[in-house]
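[1] Model the structure of this input:
(chains A and B)
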Amino acid sequence: MTYNLYFGPIHPALKEPINFTFEIEGERIVNVKPNIGYNHRGLEKLLESKTWLQSGFVAEHICGICSGAHNGCCYQGVERIFGIEPPRRGLFIRTLVWELERIHSHLLWLGVMLHESGFDTVFMYCWRDRELTMDLFEEMSGRRVVYSMNTVGGVRRDVTVSFLDKLKKYCNYLEERAKFYEDLIMGDTTILARLQGVAPLPKSDAASLSAVGPVARASGVKRDVRYEEPYAVYDESPFRIILREEGDALARTIVRIEEIKVSIDILRWIADNIPQGDYKIKFPPITKAPENEAISRIEAPRGELFYYFKSDGGTTPSRVKVRTPTFANILPVVKMLEGQYIADIPIAVASIDPCIACCERVTLIDRKTEKTTIVTMDQLRSHSKKYYKKAGGEKF
Amino acid sequence: MNDEIIKELILSIDSSARFERDKNGRFWIKIYLENLKAVLRCLKEKGYDYISAITALDNIKNNSIELLYHLMNNSPREFPYLTISITISRDDPKVYTVHDILPAALIHESEVFDLMGVKFEGNPLTERLLLPGDVPENVHPLKKEFKDSVFKVIKE
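    Numbering: from 1, shown residues only, chains lettered A, B, ... in the order given. Next up, the predicted model:
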């Protein structure tokens, strides 16, 4: 006899509002019905009323974690509509943003994955290392998330020599950490027992269900937009595709750690080879586009991100279609969950990569005087260090 | 790129098919609705097993809806990225499902039905996917005539 188990939309194991109805027989899942749409904000319709330049600012709010990917992919599509080619320095900075974002997204994901499997110490380590990426973003653009770096025909801000030096130091540190995480996961029998063979997705299913990103690559499907049709400067960069054959939760973890290493190599290459010159071309805020249609695809941290633009010759697009990687990975996740134990649900769902918005600053309000003070991230950090030292902790 | 192979293959099924190659390396193909299944089945044998998305365009001027199927080959460096386009009537938008050929089309078709109101005959997901279930049956927000009451309030 089977019974139904309702999971989500609000659930401690889920970081995104999604609802699953599981048909359970004993401890095993027989059938899965996903129910999405709790966060539908109608952005495709909203984009139809925005000018070509405004569209990227709306698009980057689709996802907090990969805002740079949405922003860049959107403007890449607009450039194809207009037939604009951004200057090379602009393309280098764009690639830099994308790869930094991949590292930050994969570290965040690794932390969440280990948290779901009950390894909270490493979750803290991962998120501490992720802070370094956020600091780089803050220095580059002034913001930790939703950094609005791209624009039509290049990027909005240049990078300085001192930033590139910092980037190199960051790469050296992070390479060590990536190695540490790999050794830690491969050398810990508890983690291996928790992840190995859980939520399997065979190669044939990953291919036929159109899985994207690390989920597809962990099942041995060679699917990466950077490899299929190199955009920006990927065809010159030291990019290599990471593939695993096992298709389980462990393989997905390893693929993401290896991709952090690839991203570090690309970042080093960018820091050494970034050309001098203009980083953007002028683009008036209100411009009539030629009648055209264009597709823009890039490899976001979670997989292929797809934008379609149609122009009727106006100052706004007549249709914008966005296909996010998580949407494409819903059917593969349903397949993964079939035949699994109830206890494995959080791990399987976590492998579609959850999103959490993060807040830069906090505002403190004095209740007596109603005076507000804004505490910056640096102040918070030094406060936490002092507090930790006072409590007798080691220096970190 | 093997453009000629694809051209020959599709012309053998739909002799009136039209082709266009854009400068970003994509291949646009316009075919008739009744040939869609045969074309997709043929392309799948050639390795086109990945569907990126289905885009629905509302052409209010021609009173038609255009559906674009974006496909990719499993050896993507040898074969071009394809966009198959079909046109259907706007008054009674109906088309056959292709999820028996490309299983991943299931969720994309469901999205198009929800937001554009195109019925996919044979698709088991007949309920709303993204919008809440209590939205009236004939409301499909990506149609050009749809005006959201929220937007109106903001403008006023």
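[2] give me the residue from chain A nearest chain B.
    Taking Cβ to the nearest Cβ, chain B has its nearest neighbour within chain A at A:Ser210, 3.4 Å off. C-beta: built from backbone N, CA, C; applies to glycine.
[3] Could you look up the SS state of that residue?
    Judged by DSSP: H, G, I helix; E, B strand; the rest coil, the three-state class of A:Ser210 is coil.
[4] what's the neighbour count on the closest residue in space to it that isn't next to it in sequence?
    Nearest residue to A:Ser210 in three dimensions, chain neighbours excluded: B:Ala104, at 3.4 Å (Cβ to Cβ, 6 or more residues apart in numbering or on different chains). Close neighbours of B:Ala104, defined as other Cβ atoms under 10 Å in any protein chain shown, add up to 23.
[5] Which phi and psi values does B:Ala104 adopt?
    When read as degrees, to the nearest 10, the backbone of B:Ala104 gives phi -70, psi -10.
[6] what's the pLDDT at it?
    Note for B:Ala104: predicted pLDDT of 90.
[7] mind listing what the closest residue to A:Gln196 other than its chain neighbours touches?
    Counting by Cβ to Cβ, 6+ apart, A:Gln196 lies nearest to A:Leu250, which is 4.9 Å off, once chain neighbours are set aside. With contact set as Cβ atoms under 8 Å, 6 or more residues apart in numbering or on different chains, A:Leu250 has these partners: A:185, A:192, A:195-198.
[8] Neighbour-wise, give me the winner out of those residues.
    Counting neighbours by other Cβ under 10 Å, the one among the contacts of A:Leu250 with the most is A:Leu195, which has 24 neighbours.
[9] Please tell me the pLDDT value assigned to residue 92.
    Went with chain A since none was named. pLDDT, A:Phe92: 94.
[10] should've been chain B
    According to the per-residue confidence, B:Asp92 scores 88 in pLDDT.
[11] Would you mind giving the secondary structure of A:Glu99?
    For A:Glu99, the secondary-structure state derived from three-state DSSP is helix.
[12] what about the nearest residue to B:Ser16 once chain neighbours are set aside, neighbour count?
    Excluding its sequence neighbours, the residue lying closest to B:Ser16 (Cβ to Cβ, 6+ apart) is B:Tyr32, at 6.8 Å. Each residue near B:Tyr32 was counted by other Cβ under 10 Å, and the total is 14.
[13] What of B:Met72?
    When neighbours are counted by other Cβ under 10 Å, B:Met72 comes out with 23.
[14] ok, now B:Phe113?
    Residue neighbour count, defined by other Cβ under 10 Å, stands at 21 for B:Phe113.
[15] Okay, it and B:Val98: tell me how far apart.
    Distance of B:Phe113 to B:Val98, computed by Cβ to Cβ, to the nearest Å: 13 Å.
[16] and if you look at A:Thr326?
    With the distance defined as Cβ to Cβ, A:Thr326 ends up 22 Å from B:Val98.
[17] need the residues of chain B near chain A, please.
    Residues of chain B found near chain A (Cβ under 8 Å from any Cβ of the partner chain) are B:22-26, B:49-53, B:55, B:57-58, B:68, B:70, B:72, B:74, B:76-77, B:81, B:83, B:102-104, B:106-108, B:111, B:115, B:128-132, B:141-142, B:146, B:148, B:151.
[18] Pull out the buried members of the residues you listed.
    B:24, B:26, B:49-53, B:55, B:57-58, B:68, B:70, B:72, B:76, B:81, B:83, B:102-104, B:106-108, B:111, B:115, B:128-131, B:141-142 (16 or more other Cβ atoms under 10 Å in any protein chain shown).
[19] for chain B, what spans make up the helices?
    B:3-13, B:36-45, B:105-116, B:149-155 (DSSP state H).
[20] Pick the most buried one from the ones you listed.
    Comparing the helices of chain B by mean neighbour count (mean count of other Cβ atoms under 10 Å in any protein chain shown), helix B:105-116 ranks first with a mean of 23.
[21] Specify the angle between that one and helix B:36-45 in degrees.
    Helix B:105-116 and helix B:36-45 meet at an angle of 140 degrees, taking axes from the mean of the first three to the mean of the last three Cα atoms, to 10 degrees as the criterion.
[22] helices and strands around helix B:105-116, which ones?
    Contact analysis of helix B:105-116 by 3 or more Cβ pairs under 8 Å, 6 or more residues apart in numbering or on different chains; DSSP states H and E lists helix A:330-337, strand B:50-59, strand B:64-72, strand B:119-121 as its packing neighbours.
[23] For A:Ile266, find the nearest of these.
    Taking Cβ to Cβ, strand B:64-72 is the member of the helices and strands packed on helix B:105-116 nearest to A:Ile266, at 23.3 Å.
[24] ok, that closest one: who's next to it in the sheet?
    Here strand B:64-72 is paired, per DSSP bridges, with strand B:50-59 (antiparallel), strand B:81-89 (antiparallel).
[25] Serialize these to TSV and add fields for mean pLDDT.
    Output for the strands paired with strand B:64-72, formatted as TSV (pLDDT from 0 to 100):
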stretch	mean pLDDT
strand B:50-59	91
strand B:81-89	91
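[26] Please produce CSV containing these, extended by distance to A:Glu23.
    Compiled in CSV, those are given as follows (distance: least, Cβ to Cβ, whole Å):
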stretch, distance to A:Glu23
strand B:50-59, 27
strand B:81-89, 36
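[27] quick one on the thing from earlier: in the contacts of A:Leu250, find the pair that's most separated.
    A:Ile185 and A:Gly197 (14.9 Å).
[28] where exactly do the strands run in chain A?
    Applying DSSP state E to chain A gives strands spanning A:3-7, A:19-25, A:28-35, A:150-151, A:154-155, A:292-300, A:303-311, A:319-323, A:362-365, A:372-375.
[29] per-stretch mean pLDDT over the ones you listed, give me the minimum one.
    Of all these, mean pLDDT reaches its minimum on strand A:362-365 (a mean of 44).
[30] Now A:Val155. Nearest residue, chain neighbours left out?
    Of all residues apart from its sequence neighbours, A:Ile93 sits closest to A:Val155 (Cβ to Cβ, 6+ apart), at 4.6 Å.
[31] Buried residues, stretch A:273-290. List them.
    Using 16+ other Cβ under 10 Å as the burial criterion, the residues of stretch A:273-290 that qualify are A:274, A:279-280, A:283, A:289.
[32] Can you list the neighbours in contact with stretch A:227-245?
    Residues external to stretch A:227-245 that are found in contact with it (Cβ under 8 Å, 6+ apart): A:76, A:88, A:91-92, A:94-95, A:98, A:203, A:217-220, A:222, A:224-226, A:251, A:254-255, A:258-259, A:262, A:265-266, A:269-270, A:297-298, B:25, B:72, B:76-77, B:81.
[33] Of those residues, grab the buried ones for ChimeraX.
    Provided next is the ChimeraX selection string for whichever of the contacts of stretch A:227-245 are buried by 16+ other Cβ under 10 Å:
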select /A:76,88,91,92,94,95,98,217,218,219,220,224,225,226,251,254,255,258,259,262,265,266,269,270,297,298 /B:72,76,81
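[34] Just give me the neighbour total for A:Glu236.
    When counting by other Cβ under 10 Å, one arrives at 12 neighbours for A:Glu236.
[35] what's near enough to touch A:Arg323?
    If a contact means Cβ under 8 Å, 6+ apart, then A:Arg323 has A:305-307, B:52-53, B:108 as its contacts.
[36] got those residues as JSON lines, with distance to A:Leu114 columns?
    Written out in JSON lines, the entries for these read as follows (distance: Cβ to Cβ, whole Å):
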{"residue": "A:Leu305", "distance to A:Leu114": "26"}
{"residue": "A:Phe306", "distance to A:Leu114": "30"}
{"residue": "A:Tyr307", "distance to A:Leu114": "33"}
{"residue": "B:Ser52", "distance to A:Leu114": "32"}
{"residue": "B:Ala53", "distance to A:Leu114": "32"}
{"residue": "B:His108", "distance to A:Leu114": "33"}
